[in-house]
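Novice: I'll drop the sequence and a predicted model, then ask my questions.
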Amino acid sequence: MTYYGAKHLADAFRTVRKNTIAIAQDIPEDKYTFRAAPNTRTVSQLLIHIAVSPSWQQELHSQRVASLEGYDFPGRFMKDKAKEQVPRTKAEIIDMLQRSGDAFASFLEGLSEHALSVSVSMPDRQSTKSRLEMLLSVKEHEMHHRGQLMLIERQLGIVPHLTRERETRFGVTAQQPAQT
């Protein structure tokens, strides 16, 4: 018996995605072209990257792939990178985040304890990871990029929503986000 199952995984992912969407809503659309440094993704590209990233894991685990040996990672990542280059409005990106998040969370909820415990061989043929471990990495990946987005918010003069909520709880006057 595990203490962290499919329902927990789905709920945790929904919380992470809800917070990502809140950031996407707080950043004004005219700042979606902001790039924090040369050779990095714009806000728009970063949000699209977050929206499309879970799909490759969903494909792998839906197909019950037992090994990543021979998986075309460069081809997959180039396909996803091409999606980041397609111009989209703020509303379209937020919708994309919502739809892809709902789809992935629903997929996670449908996994059995046995499915989560199955080991998948890594490309090096030396190591394995459980499906649970691999699927947790989707949430970790999004949180990594959400940290980047929160720093971008600060660069744009926006106090991140989680900071505003914490300040409100502790009676501190929180700054409001820039108007969208």
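Specialist: Here it is on my side, so go on.
Novice: CA only for contacts and neighbour counts going forward, please
Specialist: Fine.
Novice: Backbone dihedrals for residue 121, please?
Specialist: Torsion angles at residue 121 (phi, psi; degrees, to the nearest 10) stand at phi -70, psi 140.
Novice: Tell me the pLDDT of it.
Specialist: We note a pLDDT of 95 for residue 121 in this prediction.
Novice: Make sure it is actually in contact with residue 71.
Specialist: No: with contacts counted by Cα atoms under 8 Å, residue 121 stays clear of residue 71, the gap being 11.2 Å.
Novice: Please list all residues in contact with the residue most central in space within the chain.
Specialist: Centroid check for the chain by Cα atoms, centre = their mean gives residue 142 as the closest residue, at 3.1 Å. Going by Cα atoms under 8 Å, 6 or more residues apart in numbering, residue 142 touches 16-17, 50.
Novice: Repeat that for residue 96.
Specialist: Residue 96 touches 48, 51, counting by Cα under 8 Å, 6+ apart.
Novice: Now it: which helix or strand?
Specialist: Under the criterion of DSSP states H and E, residue 96 resides in helix 90-109.
Novice: One more: residue 80?
Specialist: Per DSSP H and E, residue 80 falls inside helix 73-84.
Novice: ok, and for the longest helix seen in the chain, which residues are buried?
Specialist: Looking across the chain with DSSP state H, the single longest helix is helix 131-155. Neighbour-count burial for helix 131-155, counted by 16 or more other Cα atoms under 10 Å, picks out 131-132, 134-135, 138-139, 142-143, 145-146, 149-153.
Novice: can you check stretch 14-31 too?
Specialist: For stretch 14-31, using 16+ other Cα under 10 Å, the buried residues are 14, 16-17, 19-21, 23-29, 31.
Novice: How far off centre is it?
Specialist: For stretch 14-31, the gap between its own C-alpha mean and the chain's C-alpha mean amounts to 11 Å (Cα atoms, centre = their mean, to the nearest Å).
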